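**Student:** model this:
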Amino acid sequence: MNPGRLFLAAGALGGLLTVAFGAFAAHGLRHQISPDMLLVFNKGVLYQGLHALALLATGIMSTQSPCRALSSAGWSFLLGIVLFSGSLYLLAMTGSSWLGMLTPVGGISFLIGWFSLLIGGWNYSRP
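**Tutor:** Model (predicted):
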């Protein structure tokens, strides 16, 4: 099965949630958490938005020319968003520092995703 449509949908949902979480941080969290934790939350928003766009690109390429590298990129971006951004959101809102252990795993997932996209992009052939 070609996961390109899933990556497109996940990228669009990720973009929607980026805007929603950014607005929530600006209007709902600004006076509820410390400025340092607001920066942490906003770092999650930034990385989620960037990788939502990467998911869209991966999805477009995957629907036209599926390959293992593009599939790896998409799944890595999804995992990275959940682990990196998700851990930062929860850390900022709960103060549970153990969540910070998940953040680097998400960062590594992002790196794997970008490397896989590099390989998939290099081998990309549009039908």
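**Student:** tell me the helices and strands packed up against the helix or strand where Gly121 lies.
**Tutor:** If you go by DSSP states H and E, Gly121 is part of helix 102-122. When contacts are defined as 3 or more CB pairs under 8 Å, 6 or more residues apart in numbering; DSSP states H and E, helix 102-122 packs onto helix 35-64, helix 68-80, helix 86-94. C-beta: built from backbone N, CA, C; applies to glycine.
**Student:** can you give the contact residues for the second one?
**Tutor:** This means helix 68-80. For helix 68-80, the external contacting residues (CB atoms under 8 Å, 6 or more residues apart in numbering) are 3-4, 6-7, 10, 47, 51, 54-55, 58-59, 61-62, 106-107, 109-110, 112-114, 116-117, 119-120, 123-124.
**Student:** got the angle for that helix vs helix 102-122?
**Tutor:** 160 degrees (axes from the mean of the first three to the mean of the last three CA atoms, to 10 degrees).
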